[in-house]
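Colleague: coords below, sequence missing:
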Ligand SMILES: NC(=O)C1=CN([C@@H]2O[C@H](COP(=O)(O)OP(=O)(O)OC[C@H]3O[C@@H](n4cnc5c(N)ncnc54)[C@H](OP(=O)(O)O)[C@@H]3O)[C@@H](O)[C@H]2O)[C@@H](O)CC1
Ligand SMILES: Nc1ncnc2c1ncn2[C@@H]1O[C@H](COP(=O)(O)OP(=O)(O)O)[C@@H](O)[C@H]1O
Ligand SMILES: [K+]
């Protein structure tokens, strides 16, 4: 997993390097500028063959300072560079001012406005170094007009300008992935909502990627993200094992990377899953009970059950009301089936060997659902198990508590995971819902929700955020070459709930958050492997091939 650094953490690491004497601010700025130039030439090697044309847009802070370094290095390579500055050079921070002066001693500093920028010749490379981690409010109107997608499209025509952002496309908040005007009133002179903010082809960031590259609009705007080494060391203790719970101070990106290096996915899978390489019989790998709905409402539960079985649970049983028994019996083979009468307690059908419950898909928003959830949450580890059964609550199991979420949270425990989509999340945490975030990131609100609920929360989306009550948080994004638009199909969430239950119920030694991370990754891998035309039934059926391709 790659650790994503907040702006404050990045500044602290930079300050530590400067105060310890390991580097000066100017050294870091020079390395940052050189890192961007190297990344550009690595992305488009043909540009190294002969001099080209660049436009560099600089802002009033150190992001602009990086821009001045980039302009100077390109100039030294014989490139023709037009540099535009927003802000007053006299008020720039010292290092940025120094680099401004080096540039200005030999070449003009042009105004940063649409009239000046778009009347110049079209460049081969466009560098956006206006605002980075220091963005503190919506981008001013005159800058927004230059960073506008329509204006760029009209100017670019078919010229093929390579667009590069320094740290981030200016206007993107690197902590939240939001555009400042998404949550605040736009500047009076600004374009409404900056909805047409320019996307770039390449974003070059420093030391480590930031949450905003992966959350919300980040993946839409950033193109490819490259983190370049600028010689900073991170003194935070390294996690010893890939399956260890995340550092509560950090956010980690779900991917097969460990300590900065890509690892074989199989190493990751084996560290989280119980089945590979372990001998045992079916009960050694857990028994998952999945609750299905009544007549005609069983599909969602059956999807979850199939996913639980394919992820490795030793046994899976669907529980349904007696009237739905025949319907389910017609559809299930390897999955067992039991009727659960309205007035029968869960303990009558679930013995001590049950290690997981998957509840919600298709169950119905009813008092009965609420009661069954409470009974499942009250269950404790059987004599042969070290851990309480995992309880995955999704869909109707969550919505059944919408009227009174506070009655759920005292019962949830460390082996509980709630897997809402945004609508279900807002029902349980109205003040943290997407319409109420006011600049708080998805990670912040999921951390807060996990703290309140006292269990793991997984908030789904293209960017899926998982957090535990201690503050540990992970982000998985279906972007940057792992797009999965075909997952936007009914029932995909039911399959994910089943996958989590199936992986966790095997009594793997990895923690529940690590299990959830892997489930989200596998879910997207299944969708990507199947590709266009995917429907939810296809997802569990892809698992064998995905496991095989990931080296199990
Ligand atoms: N940290 C590191 O390790 C390294 C950091 N490096 C680089 O430094 C960058 C961070 O630099 P930074 O802190 O100076 O912030 P930056 O993004 O230039 O913006 C601040 C300026 O913009 C202004 N301003 C903000 N919003 C505005 C708005 N909407 N409209 C108008 N003005 C606005 C703000 O004004 P103020 O809010 O103070 O009024 C201030 O003047 C970072 O992204 C990276 O590129 C590398 O060199 C190497 C190592
Ligand atoms: N465009 C998308 N890209 C990647 N993942 C997606 C996309 N759309 C939906 N998903 C994923 O598909 C699942 C949908 O779950 P959910 O909204 O609960 O649907 P349902 O209730 O129909 O099962 C979630 O895991 C979500 O993250
Ligand atoms: K920028």
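Modeller: Sure, I can see it. On a predicted model such as this, the values are computed, not experimentally measured, just so you know. Ligands and ions are numbered 1, 2, ... in the order given.
Colleague: Let me know whether residue 125 touches residue 47 as I believe.
Modeller: Yes - using C-beta atoms under 8 Å, residue 125 is in contact with residue 47, at 7.0 Å. Any C-beta I mention is one placed from the backbone N, CA and C, and that applies to glycine too.
Colleague: Compare neighbour counts for those two and give me the winner.
Modeller: Comparing residue 125 with residue 47 by neighbour count (other C-beta atoms under 10 Å), the higher total belongs to residue 125, at 25 against 20.
Colleague: Spatially, what comes nearest to that one if we skip its sequence neighbours?
Modeller: Excluding its sequence neighbours, the residue lying closest to residue 125 (C-beta to C-beta, 6 or more residues apart in numbering) is residue 54, at 4.5 Å.
Colleague: which SS state does that neighbour fall under?
Modeller: Under DSSP: H, G, I helix; E, B strand; the rest coil, the three-state class of residue 54 is strand.
Colleague: Which pLDDT value belongs to it?
Modeller: As predicted, residue 54 sits at a pLDDT of 98.
Colleague: Neighbours of it, how many?
Modeller: When neighbours are counted by other C-beta under 10 Å, residue 54 registers 26.
Colleague: What distance do you get for it to residue 232?
Modeller: Distance check for residue 54 against residue 232: by C-beta to C-beta, to the nearest Å, it reads 27 Å.
Colleague: before we move on, the earlier item: and for residue 125 and residue 47, which residues touch both?
Modeller: Common neighbours of residue 125 and residue 47, counting by C-beta atoms under 8 Å, 6 or more residues apart in numbering, are 40, 162.
Colleague: what residues does the stretch 151-300 of the chain put near ligand 3?
Modeller: Contact residues, the stretch 151-300 of the chain versus ligand 3 (C-beta under 5 Å from the ion): 165-166, 170.
Colleague: Format these as TSV; extra columns: neighbour count.
Modeller: TSV is the format used below for those (neighbours: other C-beta atoms under 10 Å):
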residue	neighbour count
165	31
166	33
170	26
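Colleague: and which of the residues you listed is nearest to residue 535?
Modeller: Of all these, residue 535 sits closest to residue 165, with 37.1 Å by C-beta to C-beta.
Colleague: and the closest one, what element?
Modeller: Counting by DSSP states H and E, the element that carries residue 165 is strand 162-166.
Colleague: ok and the residue in the stretch 201-350 of the chain nearest ligand 3?
Modeller: At 8.3 Å from ligand 3, residue 203 is the closest residue in the stretch 201-350 of the chain, using C-beta to the ion.
Colleague: which is the next helix or strand following the strand or helix carrying that residue?
Modeller: Using DSSP H and E, residue 203 maps to strand 202-206. Counting by DSSP H and E, the next helix or strand C-terminal to strand 202-206 is helix 218-221.
Colleague: Buried residues, the helix or strand just after that following helix. List them.
Modeller: Going down the chain from helix 218-221, the next helix or strand is strand 224-228, by DSSP H and E. Judged by neighbour count (16 or more other C-beta atoms under 10 Å), strand 224-228 contains these buried residues: 225-228.
Colleague: Whichever helix or strand comes after strand 224-228: partners in the sheet, and parallel or antiparallel?
Modeller: The helix or strand immediately downstream of strand 224-228 is strand 251-253, counting by DSSP H and E. Looking at strand 251-253 with DSSP bridges, its partner strands are strand 2-4 (antiparallel), strand 473-477 (parallel).
Colleague: Name the residues that touch strand 251-253?
Modeller: 1-4, 6, 209, 211, 214, 246, 443, 473-477.
Colleague: Measure how far it is from the centre of its chain, please.
Modeller: Centroid separation for strand 251-253 versus its chain: 8 Å, with C-alpha atoms, centre = their mean, to the nearest Å.
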